[in-house]
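what's the 3D shape of this:
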Amino acid sequence: MVPRPTVRGWALVAGGLLAMVLGALLGTVDLVRIGIVALVLVAGAEVGVAVTVPGRGRHRIEVRRSVEPNPVHVGEDADVQVDVLAPDSGARVRLAGLRFAEQAATELSGGRPLRARVTRSPGRVTVRYPVRATRRGRWPIGPLVVTHGDPFGVVRSPATLGGAADVDVWPEVVALPPPSDVLVDEPDRVTLGARTPSPDDAALRDYREGDDLRRVHWRSSARRGALLVRSDERAGMRPVSVLLDQPVRSKTLEWSISLAASMALAMLEGGHPVRLVGLEPTTGDDVSEIPEFVHARSGPQARATLLNRTIDLVGPRTDAEAEQRLLDGVRLLETAEGGAEMVLAVLGPLSARARAALVHASSSSHSWAVVRTDGRNPAEAAGAEHTVRALQRAGWRVSRATAGEDLMVCWRRLLGSAA
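Next comes the predicted model:
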C-alpha cells in the first residue's frame, strides 16, 4: 500500500513549501534550503517506509494464527490467537513500531469492531480476541493489518502480515436423546438379531487412530504384521439415512439443516450407522457420489464427518431445484441392500411427483418424517397436509412441525408418532 504523510508530515510539507516561497520572494537562500530539507525529509521517509514492509525482506516478521475450537457451531464462541514473531534483531526493531488491527468476516464479528487484547514481549506480540459464529459456512479471519512508519512519525503506511485463515461453522444442533428401541419394532429384532453382541459378531479391521488399544487382537496382528482391532457391530442396529428436503427460504433452510443434523447425531449416538442424503445434486450413477455411512465406533471423528457435509451446503435457488435435490436423495436411498435401512426425513410440502418417489422408497425401509410448514401460508399448510396423509397411507410414521420450532419438541413428537 502507498505510504501517506501523517499530520506532522503534511505540516512539514506545507512549512517547506511556504519557506521556499518566502525565501524566493525575500531572496533568502537559507529559507529556501530549509524548505528543501523539509520536503526531502518527507520524501525520504516515504521511500524508506515503502521499502521496509514488515512482511518482506531479510528481517521479515512472521505471523501464526490459531482458532479454538475450529470448527464451531452456530451461536458458539471461538477464541482467536495471533502470534506476531520477530526472529532476529532487525525484525524486532520493525516490530516495536507497529500498530495492529485484525480483520474478520461479518459472520464472525457481527459487523462490529473486534475487541482484542494485545500482549507484548521481546520479539513477540500476541493478539487475542473472541468471535461468535452467526451463520453456517466457512468464514475468513485475517490477514493481520499493521501500520508502520518512519522514526520521525511523518509517514505511515498500512500493510498486511500473514495470510487469512478459515473458521468452519457447523449448523446449530441440539443434543436429542437417543431413540432407544422406539424406532425398531419387535419383528425387526427377530429378523436382525439381538442388540447384545456375541463373540460371533466380532470382526477384525485395521487399527484407526483413536481406537482403544484394549480392543487390539494381538494374535491376528502378529500374523498379519499390522494392528487389527475387534469391531463388534451391534446386531439389530439398522443403518439410518437422514433425508433432507431443502427449502428455498434461507431461514427455513437453516432450521431444517439443524433438525436433520441433530437427528443424525442422535441416531449415531444410539449406535446406528448414519448418513446424510439429499444435500447436493448428483449426476449419473457414479458410486463415488453416494455418501457413505458413518459409524459410531470412529469416535468424535464420526460426528465431525457428518457435520462437515453441511458446512458448504448452498441452498437451492428455485423450488424446481429443491425438488430435484430431493429426488436425487430418494434415488440414493434405493441403493440400500437387503431392505434393512431406516429413513428419517425432514420434508416440506411435496409435489405429487416427490410424494410418489418417497412412497416407493418406503417399500424397502422403515421410514419416519417431520413435515414442516411456515405456519402462515394457507396454501403451504394444505400442501403439507397432503404430504402427511400420502406418507401415512404408505406406512410412514409422520409428525408435523412449524419451521423455527424447538428441535427437541419436534423430535419427541416424532418419536411419539409410534404410539
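
Tell me the secondary structure at residue 91.
At residue 91, secondary structure determined by DSSP: H, G, I helix; E, B strand; the rest coil is helix.

My guess is it contacts residue 60. True?
Yes - judged on C-beta atoms under 8 Å, residue 91 makes contact with residue 60 at a distance of 6.6 Å. Where you see a C-beta, it was placed from the backbone N, CA and C, and this is true even at glycine.

who has more neighbours, these two?
Under the criterion of other C-beta atoms under 10 Å, the comparison of residue 91 against residue 60 puts residue 91 first, with 20 against 17.

Please give me every residue in contact with the more buried one.
54, 59-61, 123 (C-beta atoms under 8 Å, 6 or more residues apart in numbering).

Show me those that map onto strands.
Using DSSP state E, no member of the contacts of residue 91 falls in strands.

how about those residues in TSV, adding distance to residue 366?
As requested, the contacts of residue 91 are exported to TSV (distance: C-beta to C-beta, whole Å):
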residue	distance to residue 366
54	62
59	67
60	62
61	60
123	63
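
quick revisit: what is in contact with residue 91 and residue 60 at once?
residue 54.

which of the contacts of residue 91 has the most neighbours?
Within those, neighbour counts (other C-beta under 10 Å) peak at residue 61, which reaches 27 neighbours.

Who are the contact partners of the nearest residue to residue 123 once chain neighbours are set aside?
Nearest residue to residue 123, sequence neighbours excluded (C-beta to C-beta, 6 or more residues apart in numbering): residue 86, at 4.5 Å. Counting by C-beta under 8 Å, 6+ apart, residue 86 makes contact with 61-62, 92, 94-95, 123-124.

Give the buried subset of the residues you listed as a ChimeraX selection command.
To isolate the buried ones among those in ChimeraX, judged by 16 or more other C-beta atoms under 10 Å, type:
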select :61,92,94,95,123
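
Now flag whichever of the contacts of residue 86 is closest to residue 21.
Closest to residue 21 out of the contacts of residue 86 is residue 94 (37.3 Å), distances taken as C-beta to C-beta.

Name the helix or strand for the closest one, please.
Using DSSP states H and E, residue 94 sits in helix 89-96.

Equivalent analysis for residue 34, please.
Per DSSP H and E, residue 34 falls inside helix 29-51.

packing partners for that helix?
Helix 29-51 makes packing contacts with helix 7-26, strand 144-149, strand 155-161 when contacts are defined by 3 or more C-beta pairs under 8 Å, 6 or more residues apart in numbering; DSSP states H and E.

related to what we said a few turns ago, pop out the phi and psi values for the residue nearest to residue 123.
phi -110, psi 100 (degrees, to the nearest 10).

Kindly state the pLDDT recorded for it?
Listed pLDDT for residue 86 reads 84.

if I look at it, how far off is residue 98?
Going from residue 86 to residue 98 by C-beta to C-beta, to the nearest Å gives 10 Å.

which residues are common contacts for these two?
Joint contacts of residue 86 and residue 98 (C-beta under 8 Å, 6+ apart) are residue 61.

re earlier: C-terminal to the helix holding residue 94, what's the next element?
Following helix 89-96 toward the C-terminus (DSSP H and E): strand 99-101.

Can you give me the buried ones in that following strand?
For strand 99-101, it's none, nothing buried (16+ other C-beta under 10 Å).

Mind giving me the packing neighbours of that strand?
strand 144-149.

can you rerun that using 10 Å?
Secondary structure elements in contact with strand 99-101, counted by 3 or more C-beta pairs under 10 Å, 6 or more residues apart in numbering; DSSP states H and E, are strand 124-132, strand 144-149, strand 155-161.

what are the pairing partners of it, and which direction each?
Strand 99-101 has the following sheet partners, assigned by DSSP bridges: strand 144-149 (antiparallel).

Would you mind pulling the contact partners of the partner strand?
Residues outside strand 144-149 that contact it (C-beta atoms under 10 Å, 6 or more residues apart in numbering): 1, 3-6, 8-9, 45, 48-49, 52-55, 61, 63, 65, 82, 84, 94-95, 97-103, 125, 127, 155-164.

and with 6 Å instead?
If you take C-beta atoms under 6 Å, 6 or more residues apart in numbering as the criterion, strand 144-149 is touched by 54, 63, 82, 98-102, 155-156, 158-162.

Of these, just the buried ones, ChimeraX syntax please.
Only the buried entries of the contacts of strand 144-149 go into this ChimeraX selection, using 16+ other C-beta under 10 Å:
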select :54,63,82,98,102,155,156,159,160,161,162
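
What ranges does the stretch 201-350 of the chain have for its helices?
Remark: helices assigned in the stretch 201-350 of the chain by DSSP state H, counting those that start in this stretch are 218-224, 250-269, 300-311, 319-333.

with the contacts of residue 91 in mind, which one is nearest to residue 399?
The shortest approach to residue 399 among the contacts of residue 91 belongs to residue 61, at 58.1 Å (C-beta to C-beta).

where does that closest one fall, phi/psi-wise?
When read as degrees, to the nearest 10, the backbone of residue 61 gives phi -100, psi 140.

Could you point out which of the helices and strands packed on strand 99-101 sits nearest residue 224?
Ranking those by proximity to residue 224 (C-beta to C-beta) places strand 124-132 first, at 47.0 Å.

Which neighbouring elements make contact with that closest one?
Packing partners of strand 124-132 (3 or more C-beta pairs under 6 Å, 6 or more residues apart in numbering; DSSP states H and E): strand 77-85, strand 117-121.

re the thing from before, of the helices and strands packed on helix 29-51, which approaches residue 377 most closely?
Among the helices and strands packed on helix 29-51, strand 144-149 sits nearest to residue 377 (C-beta to C-beta), with 46.4 Å.

Please identify the buried residues of the closest one?
144, 146, 148-149.

Show me what counts as buried in stretch 2-16.
If you call a residue buried by 16+ other C-beta under 10 Å, then stretch 2-16 has these buried ones: 3, 5-6, 9, 12-13, 16.

Brilliant, that's me finished.
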